[in-house]
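K.L.:
A structural model of the following input is requested.
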Amino acid sequence: MTQSKLGLDRFSKEYVSQIERGRVRPNEAALEWLADRLEVSRRFLESGVSAPEHERVASMVSRAEAAIAAREFDEALAVIDRLAADDPVLEPDVELRALLADATARAELGRVEEALAVLNEARDLADESSFSDVDRANVLFHVGRCRYRLSSVPTAVALFTEALELMRHSGAIDDRLRCRILRWRSRCYRRQGDWEAARGDVEAALELSERLGDGEALAHGYFQASIIAERRGHWVLARSYAEQAKALYQEQKDRLNVGRLLNNLGGLTFLLGDPERASEYLKEAFAVALEVGSNPDAAQAVSSLAQVNLRTGRVELAEEQARQALSLLDGRVDFLDEQGNAQLVLGRALLEQGKLAESEEALAAADASFEQLGSGSHRAAAWTAQADLSVRRGDKDAALSLYRRAAETLQDFRF
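P.N.:
Numbering: from 1, shown residues only. The predicted structure follows:
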């Protein structure tokens, strides 16, 4: 078909030539008309991807996303690897979905640095004019989650805030994404000890979730609200929120988060004075975590059990369970808080048994984990334990210095 024949009486030969040379980009109506003349889809003219090829590639990306939703992260990466091996021409929207699925799977498997490398590609792609500010906010959200997992909390806060600002100025609306960003920024504020900001974000997320009628988002919101209430000493309120979240997760058939709520309910029940019932909750949480194949969640449950046993005088069992938790968390740099907590329980259990050298080693490891975590309150707990060890050794000066450092860290003011 010649250029003149293609253009008929609508486009000149010269104009068609300019399109072929890439010097002119036809508008949507022109693309539709040209596609009809050439008996191809408009999509093919825009991207060079045929409709069957587009459907095949999009279907593979959808399979990877479904695998992530089912927490089959290795399977998701296998699908992405098969797609990459085919080296297809990807349309920008499908390519962005593939990159985000790839990064999510890697992050969930603890390969957070790899995920960030993939997300750098996603950020560059999302800067193209074909994407909206909501797309760019979604990429920033994924980057923020990775930064949080690597304990770069101030960076994560900045990324989440930038994402929310992009969405605020965008013509498009995605309240589900807004909810997710608010909940994750709330986590950051909790880590920084800014409880009012954390509560404000969770309340905003809950309000959006209720308006959307989204049971899953509501469950996540109540879960976060429970943690904030517990940290502020409102244990009965925290338990109420946790029970609401657990009921919603059960409606969603979300076994993973049911297990996580059982772990939190175990801790709250212990704080409210019922260690036996707390242990039952925690054992059930451990069983659910093993059932769904989540070693980090199993580690959190068994670490909580170790804490209960330590505080009720069963120190040998506490030592055994703390070591089990650390084994389950081996290599997971994205769970520094749980590693530090398990090391702290282990150090105290060893101290109670008079194993002072081993206790010193475990408590030093806990302090190092909490230093990476960037949490003053966690470090204060480690210093207090190290001070108790110094008292046991008769070094009262060292103990006094550590107690003072812990107390000053927990103060809101300095001289």
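
K.L.:
Now name the helix or strand holding residue 196.
P.N.:
Taking DSSP states H and E as the definition, residue 196 sits inside helix 195-212.

K.L.:
Residues touching that helix, excluding its own?
P.N.:
The contact list for helix 195-212, computed with C-beta atoms under 8 Å, 6 or more residues apart in numbering, reads 175-176, 178-179, 182-183, 185-187, 189-190, 217-218, 220-222, 224-225, 228, 231-232. C-betas here are computed from N, CA, C, even on glycine.

K.L.:
What of stretch 287-301?
P.N.:
With C-beta under 8 Å, 6+ apart, stretch 287-301 has contacts from 71, 255-256, 258-260, 262-263, 266, 282-283, 285-286, 324-326, 328-329, 332, 335, 338, 342.

K.L.:
Which ones among those lie within helices?
P.N.:
Counting by DSSP state H, the members of these that fall within helices are 255-256, 258-260, 262-263, 266, 282-283, 285-286, 324-326, 328, 338, 342.

K.L.:
Mind checking which of those are buried?
P.N.:
255-256, 258-260, 262-263, 266, 282, 285-286, 324-326, 328, 338, 342 (16 or more other C-beta atoms under 10 Å).

K.L.:
ok, residue 241 touching residue 232?
P.N.:
No: assessed by C-beta atoms under 8 Å, residue 241 is found out of contact with residue 232, at 11.9 Å.

K.L.:
For the residue lying closest to residue 402 once chain neighbours are set aside, give me its contacts.
P.N.:
In space, residue 402 comes closest to residue 387 once its chain neighbours are excluded; the distance is 3.6 Å by C-beta to C-beta, 6 or more residues apart in numbering. Residues near residue 387 by C-beta under 8 Å, 6+ apart: 398-400, 402-403, 406.

K.L.:
can we see that at 10 Å?
P.N.:
Applying C-beta atoms under 10 Å, 6 or more residues apart in numbering, one finds that residue 387 lies in contact with 363, 395-396, 398-406.

K.L.:
so how far is residue 405 from it?
P.N.:
Counting by C-beta to C-beta, to the nearest Å, the separation of residue 387 from residue 405 is 9 Å.

K.L.:
Then residue 314?
P.N.:
Look at residue 314 and residue 405: by C-beta to C-beta, they are 30 Å apart.

K.L.:
hang on, the earlier thing: of the contacts of residue 387, grab the buried ones for ChimeraX.
P.N.:
Selection of buried members from the contacts of residue 387 for ChimeraX, criterion 16+ other C-beta under 10 Å:
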select :363,399,402,403,405,406
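
K.L.:
As JSON lines, the contacts of residue 387 with distance to residue 248, pLDDT and secondary structure would be great.
P.N.:
Formatted as JSON lines, the contacts of residue 387 follow (distance: C-beta to C-beta, whole Å; pLDDT from 0 to 100; DSSP: H, G, I helix; E, B strand; the rest coil):
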{"residue": "363", "distance to residue 248": "39", "pLDDT": "96", "secondary structure": "helix"}
{"residue": "395", "distance to residue 248": "51", "pLDDT": "94", "secondary structure": "coil"}
{"residue": "396", "distance to residue 248": "52", "pLDDT": "93", "secondary structure": "helix"}
{"residue": "398", "distance to residue 248": "49", "pLDDT": "94", "secondary structure": "helix"}
{"residue": "399", "distance to residue 248": "47", "pLDDT": "94", "secondary structure": "helix"}
{"residue": "400", "distance to residue 248": "48", "pLDDT": "95", "secondary structure": "helix"}
{"residue": "401", "distance to residue 248": "48", "pLDDT": "95", "secondary structure": "helix"}
{"residue": "402", "distance to residue 248": "43", "pLDDT": "94", "secondary structure": "helix"}
{"residue": "403", "distance to residue 248": "43", "pLDDT": "93", "secondary structure": "helix"}
{"residue": "404", "distance to residue 248": "45", "pLDDT": "93", "secondary structure": "helix"}
{"residue": "405", "distance to residue 248": "42", "pLDDT": "91", "secondary structure": "helix"}
{"residue": "406", "distance to residue 248": "38", "pLDDT": "91", "secondary structure": "helix"}
